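Colleague: dropping the sequence and predicted coords here.
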Amino acid sequence: MNELLNTRALLLKSVRFQESSKILTFYSREAGRISVIAKGVLRPKSPFGGKLETLRELEIILAVKENRNIQTLTEVEIIRLFHPERKHPDHMIYALAILELIDQTLAEGHSDPVFYDFLQAMLASLEEVSDGRVVLWYFLLKLCSFLGFRPRFSDCQSCRSPLPLESAIFSFSDGTIYCSDCSPLMVNTRRLNSDQLTFLHRLQQQHHQHLPEFNLELPGKHDYTEFLTAYLNHHLDHPLHLNALEMLPAGR
Ligand SMILES: [Zn+2]
């Protein structure tokens, strides 16, 4: 017997299926990541027509059968549209990268309404910030925590010397830093200087509501996107492929 599930959701990706249908992947508030078939969506008079786009929050109703991998979409309504490009066109790229990160790191199921709401807040804050990188980096830090490997930049793992440290070694395996006196012989590490450590620690401590005011005066040049995705990759069993970020102009 079918049960109906009503949930808010974000579309992560869609793939054409047979003549006129699509298989959709959503991240939903009530059911986590789910696969759904939208039957007949490509027919001209489909009631789903035009609604199933990315970067909008949707309310979807599914006919759910237990023991089935793909559920059936029965209704969809648009709740809210996101306009990350409002302040800068590049912010669209960061929004798509965040959706790719969700798609590639979360398994099916495992709903978490708090994390779902946080994801909405991240997409909304891309409409407000003047530099979208702050949202991407913040999201990467919080995604690491959500997945169970929160990085720690506040003090040396061994002697507990606090910031500011002149420089330190960040261990990908431990997710913590070691000051130059303590750093044991390790593989998979990055050296971070004092400014970079302080920056990452300060960003991680922010409340997400304050991201638009976050001072993004960057200490030197450091590719935090590369650093944080490398850290994520170290802990995932498959490498990330963030196609969206390849659309960024060189040097961003
Ligand atoms: Zn130490």
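Modeller: Nice, I can see it. Remember, it's a predicted structure, so these values are computed and weren't measured experimentally.
Colleague: once you drop chain neighbours, what's closest to residue 146?
Modeller: Nearest residue to residue 146 in three dimensions, chain neighbours excluded: residue 115, at 5.7 Å (Cβ to Cβ, 6 or more residues apart in numbering). The C-beta positions use only the backbone N, C-alpha and C, and glycine is treated the same way.
Colleague: before we move on, what SS does the one you found have?
Modeller: In three-state terms, and counting by DSSP: H, G, I helix; E, B strand; the rest coil, residue 115 is helix.
Colleague: thought it was touching residue 147?
Modeller: No: counting by Cβ atoms under 8 Å, residue 115 sits too far from residue 147 to count as a contact (10.3 Å).
Colleague: quick one: mean pLDDT over the helix or strand containing residue 122.
Modeller: Residue 122 is located in helix 113-125, with elements delineated by DSSP states H and E. Helix 113-125 shows a mean pLDDT of 97.
Colleague: heading C-terminal from it, find the next helix or strand.
Modeller: helix 133-146.
Colleague: quick one: is the helix or strand that that following helix is followed by near the ion?
Modeller: Stepping forward along the backbone from helix 133-146, the first helix or strand reached (DSSP H and E) is strand 167-171. No: judged by Cβ under 5 Å from the ion, strand 167-171 stays clear of the ion, getting no closer than 8.1 Å.
Colleague: kindly export strand 167-171 (C-alpha atoms) in CSV.
Modeller: Output in CSV follows, covering the C-alpha atoms of strand 167-171 (Å, rounded to 0.1, in the frame of the first residue of the first chain):
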residue,chain,number,x,y,z
SER,A,167,52.6,28.2,12.1
ALA,A,168,51.2,24.7,12.6
ILE,A,169,50.8,21.5,10.8
PHE,A,170,47.2,20.4,10.2
SER,A,171,46.8,16.6,10.1
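Colleague: how far off centre is that strand?
Modeller: A distance of 25 Å separates the C-alpha centroid of strand 167-171 from that of its chain, computed with Cα atoms, centre = their mean, to the nearest Å.
Colleague: cool, stretch 120-132 as well?
Modeller: With Cα atoms, centre = their mean, you get 13 Å for stretch 120-132.
Colleague: so what touches it?
Modeller: Applying Cβ atoms under 8 Å, 6 or more residues apart in numbering, the set of residues contacting stretch 120-132 from outside is 10, 55, 57, 82-84, 86-88, 90-91, 93-95, 98, 135, 138-139, 208-209, 211-212, 214, 216.
Colleague: can you rerun that using 6 Å?
Modeller: Defining contact as Cβ atoms under 6 Å, 6 or more residues apart in numbering, one finds that stretch 120-132 is touched by 82-84, 86, 90-91, 94-95, 98, 135, 139, 208, 211-212, 216.
Colleague: end to end, how far does it reach?
Modeller: The distance separating the two terminal residues of stretch 120-132, taken as Cα to Cα, to the nearest Å, comes to 15 Å.
Colleague: report the buried residues of it.
Modeller: Applying a neighbour-count criterion of 16 or more other Cβ atoms under 10 Å, the buried positions in stretch 120-132 are 120, 122, 123, 124, 125, 126, 127, 129, 131, 132.
Colleague: with stretch 188-202 instead?
Modeller: Residues of stretch 188-202 classed as buried: 189, 190, 192, 193, 196, 197, 198, 199, 200, 201 (neighbour count, 16+ other Cβ under 10 Å).
Colleague: which single one of the contacts of stretch 120-132 is nearest to the ion?
Modeller: Proximity of the contacts of stretch 120-132 to the ion was ranked by Cβ to the ion; the top entry is residue 216 with 28.8 Å.
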